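Engineer: sequence plus the predicted model coming up.
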2 protein chains.
Amino acid sequence: MKRVSIKDIAQAVGVSTALVSYVLNNKEKEARVGQKIAEVIRLKAKELGYQPNQIAKSLKTGRSQTIGLIVADISNPFFANIARTIEDEAKKYNYTVIFGSSDEAADKSQNLINILLERQVDGFIIAPTEGSEEQIRSLQEQHIPFVLIDRYFPEISTNFVVTNNYQASYHAVKHLARSGRRKIAMIAYKSGLVHMKEREKGYLDALADSGMESGQGLVKEISYNFIQQEVGEVMGQLMKDHPDIDAFFFGSNALSMGGLRFLNRNNYRIPDDVSVVCFDESEAFDLFYAPLTFVNQPLLEMGKEAIRILAGQISDRAAALEQVFVDSALIVRTDK
Amino acid sequence: MKRVSIKDIAQAVGVSTALVSYVLNNKEKEARVGQKIAEVIRLKAKELGYQPNQIAKSLKTGRSQTIGLIVADISNPFFANIARTIEDEAKKYNYTVIFGSSDEAADKSQNLINILLERQVDGFIIAPTEGSEEQIRSLQEQHIPFVLIDRYFPEISTNFVVTNNYQASYHAVKHLARSGRRKIAMIAYKSGLVHMKEREKGYLDALADSGMESGQGLVKEISYNFIQQEVGEVMGQLMKDHPDIDAFFFGSNALSMGGLRFLNRNNYRIPDDVSVVCFDESEAFDLFYAPLTFVNQPLLEMGKEAIRILAGQISDRAAALEQVFVDSALIVRTDK
DNA sequence: ATTTGCGATTTAAACGATTAAGCCTATATT
DNA sequence: AATATAGGCTTAATCGTTTAAATCGCAAAT
């Protein structure tokens, strides 16, 4: 029950494998293949149910038509949605995607990169973890095409597609200020990565520009691995130290979930006791008793851009770097 | 800047590629390779930063160490979570996973299968769509290892890992009955697939066993592609026709989300106006004002089993079929 | 009549590995 | 001394493709 190869077709038709290859790759013109024999070959291929062996093809051509997608966690809705857009876009360019979750750990990320390199992926789309700078540099040195997504390293010039974290945060917090909040806390997660730093900076600057006291003591950072536990403790402490906090800005979807859960459990009413703005969307917001304002990231656009840039780099390694900042919109929800 | 191959190592050390291959694959014993030269080879490989070319390896061995995962939609939290467990489990068996979303469409599913076959995946894990029976049969005829997940076809004997849909539904609805609900409606989605049929059957039987009138008129089916629109219309109509409905049983996570949104929008209070039980979990439930009872599917176990079975089939194509029903538990939430 | 050119096809090397089989040499066995 | 055995290594075929180069008629041009 061997699969049928180009050789089988060649034998069945009585020609060389070269001819079959030319025809099946639509290179008849360039290779000057006869019209009638081309038809015969095509027919026979269909008849035998030929399916090209992409592995053999890859070995010969040096292109696997595969891209590696490395995210923090595919089960996180943000990344799952990104993955979906990337899947769809990749298909348009005839790429297939292999994914892996790094859990924000540099060693896992390195491990994934290695595995994917061994599989000869043509390029990567990576949401880089903290401490993965060297991995990224190494990809560059090896001239492996890649596009960073969601985060990037300012000190390394690479392709990337990220949201305008600073502005988005700034506007989000400004919105809270404008609606009369005077003591706004932020829950971020502990990370040296710019995306989080920028969100914090946007928050701080918005406070300053709104004539509020510095938010330094009001930004709390949570460890990625213990979000659900820590967020409660941290917010509890915050509220104890600053009973006059009247708003929270959550820096990611997971933080929002944890934070809102805490507020529910402790019977803080939104927006009467505290207002809330979340960075990133969640379908859970729809079920919340209060309308929630959030920063909406254009996932589809991010996926599209990432693939477009990556495809460009793959087909032309000398292509210019592209650094795309997409605009996230603040979706203001006040009434039902 | 070519990548280094086994040939480069062989040349650098001054031996044949065969020797290098034996050493790097830890076949020194069987191949009686000398101790010292083995060390030299290993060192040189490290020094040159050798990374095996899995593509070449695959071509020769006929094993790609890759599995194809086909789900309805990777952005759906249920499948995203499944994907994560499968990723982790697959890694333990040294497999890498390529995924694709079928959108419950048989043609897309077929297309994905073809693409993955061309890529020589060693096996599949598939959440089959309605109407994909022939595709599944065809895989069988080609002796391609696969495991169905979440759904299966009773008339085709295949490996599968599914939850005990009937029982889970039955218990869920029984629970509603026991807590005093007398008119329970179910929102399902339109599908000939057994998983949904079984959920409906469990619902109907639970009603009958609880001495309620037949639920026939109270099961409504929604098209997969228009869940969010239709669910509102359908539930609105239901409530109009049967103002005495006092509970809803939602057949999937997407249906639950849509349904709860509808109830919120129309100011039905839970559980005072109507009670609700959802099939499948959602992190959104945590933010809902009322505690929600739901059917919890053991995703980790499902992923583990699927990979275990698949790996078994790959290494021994004559392995016996395995049909696993995992137990979903009803998580009853009454108080905060 | 010879060359040129062109269309149609084949040849064969290559991609990077794996692996059965063969070839030495040196030591052990009889 | 002759033979067997084992250890250490190489040879070469192979996996299924792609593709540059070679080949081969045959008609047109000189």
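Structural biologist: Okay, I see it.

Engineer: for the helix or strand of chain A with the lowest mean pLDDT, buried residues please.
Structural biologist: Across the helices and strands of chain A, mean confidence by mean pLDDT, DSSP states H and E is lowest for helix A:28-31: a mean of 87. For helix A:28-31, a neighbour-count test (16 or more other C-beta atoms under 10 Å in any protein chain shown) marks residue A:28 as buried. Heads up, the C-betas are built off the backbone N, CA and C, glycines and all.

Engineer: so what's the spatially closest residue to residue A:72 that is not a sequence neighbour up against?
Structural biologist: Setting aside the residues directly before and after it, residue A:72 is nearest to residue A:104 in space (C-beta to C-beta, 6 or more residues apart in numbering or on different chains), at 5.0 Å. Residue A:104 sits next to A:72-73, A:129-130, A:191, A:224-225 when contact means C-beta atoms under 8 Å, 6 or more residues apart in numbering or on different chains.

Engineer: of these, grab the buried ones for ChimeraX.
Structural biologist: ChimeraX command restricting these to the buried ones, with burial defined by 16+ other C-beta under 10 Å:
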select /A:72,73,129,130,191,224
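
Engineer: just send the contacts of residue A:104 back as TSV, with pLDDT too.
Structural biologist: Listed next are the contacts of residue A:104 as TSV, based on pLDDT from 0 to 100:
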residue	pLDDT
A:72	97
A:73	97
A:129	98
A:130	97
A:191	93
A:224	92
A:225	90
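
Engineer: for the closest residue in space to residue A:210 that isn't next to it in sequence, give its distance to DNA strand D.
Structural biologist: Nearest non-adjacent residue to residue A:210, counting by C-beta to C-beta, 6+ apart: residue A:177, 3.7 Å away. Distance, residue A:177 to DNA strand D, by C-beta to the nearest atom of the strand, to the nearest Å: 60 Å.

Engineer: just residue A:9 next, same as before
Structural biologist: On the measure of C-beta to the nearest atom of the strand, residue A:9 and DNA strand D end up 8 Å apart.

Engineer: repeat for residue A:319
Structural biologist: Distance from residue A:319 to DNA strand D, by C-beta to the nearest atom of the strand: 21 Å.

Engineer: just give me the neighbour total for the residue nearest to that residue when sequence neighbours are not counted.
Structural biologist: Leaving aside its sequence neighbours, residue A:319 sits nearest to residue A:312 (C-beta to C-beta, 6+ apart; 4.9 Å). Neighbour count for residue A:312, taken as other C-beta atoms under 10 Å in any protein chain shown: 17.

Engineer: check the one 10 residues further on too.
Structural biologist: When neighbours are defined as other C-beta under 10 Å, residue A:322 has 17 of them.

Engineer: put the alpha carbons of the helix or strand residue A:314 falls within into CSV.
Structural biologist: If you go by DSSP states H and E, residue A:314 is part of helix A:299-315. Listed next in CSV are the C-alpha coordinates belonging to helix A:299-315 (Å, rounded to 0.1, in the frame of the first residue of the first chain):
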residue,chain,number,x,y,z
LEU,A,299,-5.6,40.7,15.9
LEU,A,300,-6.5,40.1,12.3
GLU,A,301,-4.4,42.9,11.2
MET,A,302,-1.5,41.8,13.3
GLY,A,303,-1.7,38.3,11.9
LYS,A,304,-2.0,39.6,8.3
GLU,A,305,1.0,41.9,8.6
ALA,A,306,3.1,39.3,10.3
ILE,A,307,2.6,36.9,7.5
ARG,A,308,3.0,39.4,4.8
ILE,A,309,6.3,40.6,6.2
LEU,A,310,7.5,37.1,6.8
ALA,A,311,6.6,36.0,3.3
GLY,A,312,8.5,39.0,2.0
GLN,A,313,11.6,38.2,4.0
ILE,A,314,11.5,34.5,2.9
SER,A,315,11.3,35.3,-0.8
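
Engineer: would you mind identifying the next helix or strand past it?
Structural biologist: Downstream of helix A:299-315, the next assigned helix or strand under DSSP H and E is strand A:323-326.

Engineer: for the following helix or strand past that following strand, buried residues please.
Structural biologist: Next along the chain after strand A:323-326, taking DSSP H and E as the criterion, comes strand A:329-331. Buried residues in strand A:329-331, counted by 16+ other C-beta under 10 Å: A:330-331.

Engineer: quick one: distance of strand A:329-331 to the chain centre.
Structural biologist: On the basis of C-alpha atoms, centre = their mean, to the nearest Å, strand A:329-331 sits 19 Å off its chain's mean C-alpha point.

Engineer: so which elements touch it?
Structural biologist: The contact analysis (3 or more C-beta pairs under 8 Å, 6 or more residues apart in numbering or on different chains; DSSP states H and E) places strand A:329-331 against helix A:165-178, strand A:293-296.
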